[in-house]
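# Mind folding the following:
(one chain, ligands or ions: 2)
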Amino acid sequence: MSFDRQIKIAPSILSADFANFGQEIQAIEAQGADWVHVDVMDGHFVPNLTFGPMAVKAFRPHVKTVMDVHLMIAPVDPYIDAFADAGADVLTAHVEAGPHIHRTLQAIRGAGMKAGVALNPGTPAEAVAHLLDLTDLICVMTVNPGFGGQKFIDMTGKIRALRDMIGDRPIHIEIDGGVDPKTAPLVAEAGADVLVAGSAVFKGGSVDNPEAYGENIRNIRAAANGVWA
Ligand code: DX5
Ligand code: ZN
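Residues are numbered from 1 along each chain as shown. Ligands and ions are numbered 1, 2, ... in the order given. Alright, predicted model coming up:
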């Protein structure tokens, strides 16, 4: 994985057909997805359940780009090796998931993955100030995590603060929740480079009609880059 700050669109397969993940992943990549975002939920840290490392391992052969795994689980540490074995490229843990996020990020890198740290909407940018040297990606949640299709919460002030804090460090700013062609320019302008989008990518499409995914991805990217499609 090389580092750049170009806009990257990371469709969340939380909005895919759960009976057909392999073909869904292939379809979004063929239609221009830069990364594939995988939402792991435990029914404890968030009020929803999705899938664990065995499912993520089954997704791996279908992902030719970057497998970006967002853990909405607590605790995290007992599962880090399992997600490394499953083939995660980026593994993101929430700063709110436990008292030892510093140790968690060290362990994620130690297991050979890029380390991400996610912030709930109620958590300030300063929560990562002492983690920058251990972090490859900061995920700013623009919804309260747990479900796709929620309304965007404006976190542009937090994104700007993080962008200033990061300076020249090779750290991605990822936005997760309610990203669509209307909200993408706001977060891109504030300094984000990885845009997760679930419902806005998958709406109107299917593996039999993947062109709709392509149009949705192009529209989000164009909006983020300041060129309305
Ligand atoms: C929410 C997840 C998101 C979600 C985004 O808890 O982390 O990745 O799938 O979905 P949309 O784009 O529909 O808000
Ligand atoms: Zn997510």
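# what kind of secondary structure is the residue in the chain positioned nearest to ligand 2 in?
Using Cβ to the ion, the single residue of the chain nearest to ligand 2 is residue 70, 3.7 Å away. Every C-beta, even on glycine, is put in place using the N, C-alpha and C of the backbone. Three-state secondary structure (criterion: DSSP: H, G, I helix; E, B strand; the rest coil) places residue 70 in strand.
# Can you get me a residue count around it?
Residues near residue 70, counting by other Cβ atoms under 10 Å, number 28.
# what pairs with it across the strands?
With DSSP bridges as the criterion, residue 70 is bridged to residue 39, residue 92.
# Point out the residues in the protein that sit beside ligand 1.
Proximity of the chain to ligand 1 (Cβ under 6 Å from any ligand atom) is limited to residues 12, 14-15, 37, 39, 70, 143, 145-146, 148-150, 176-179, 196-200.
# Would you agree residue 81 is in contact with residue 111?
Yes. Contact criterion Cβ atoms under 8 Å: residue 81 and residue 111 qualify, at 5.9 Å.
# Which residue comes closest to residue 59 once chain neighbours are left out?
Nearest non-adjacent residue to residue 59, counting by Cβ to Cβ, 6 or more residues apart in numbering: residue 21, 5.8 Å away.
# show me what contacts the one you found?
Neighbouring residues of residue 21 by Cβ atoms under 8 Å, 6 or more residues apart in numbering: 13, 55, 58-59, 62.
# So which of those residues are in helices?
Secondary structure from DSSP state H places 55, 58-59 of those in helices.
# ok, how many other residues are close to residue 204?
Residues contacting residue 204 under the criterion other Cβ under 10 Å number 11.
# got a list of what it touches?
212, 216.
# Make sure it is indeed in a helix.
No. If the criterion is three-state DSSP, then residue 204 is coil and not within a helix.
# so what's the backbone phi/psi at it?
phi 80, psi 0 (degrees, to the nearest 10).
# follow-up on the earlier one: tell me the pLDDT of the residue of the chain closest to ligand 2.
With respect to pLDDT, residue 70 has a value of 99.
# May I have the secondary structure class of residue 47?
coil.
# Is it possible to mark the buried ones in the residues of the chain next to ligand 1?
Burial by neighbour count, judged by 16 or more other Cβ atoms under 10 Å, picks out 12, 14-15, 37, 39, 70, 143, 145-146, 148, 176-179, 196-200 from the residues of the chain next to ligand 1.
# what residues are up against the closest residue to residue 197 other than its chain neighbours?
Nearest residue to residue 197, sequence neighbours excluded (Cβ to Cβ, 6+ apart): residue 179, at 4.4 Å. Applying Cβ under 8 Å, 6+ apart, we find residue 179 in contact with 142, 152, 187, 195-197, 200, 220.
# Tell me the buried residues in stretch 8-20?
Neighbour-count burial for stretch 8-20, with 16+ other Cβ under 10 Å as criterion, is recorded at 8-16.
# How about stretch 157-170?
158-159, 161-163, 166.
# Need the residues you listed in a markdown table (columns: pLDDT).
Below are the buried residues of stretch 157-170 laid out as a markdown table (pLDDT from 0 to 100):
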| residue | pLDDT |
| --- | --- |
| 158 | 98 |
| 159 | 98 |
| 161 | 98 |
| 162 | 98 |
| 163 | 98 |
| 166 | 98 |
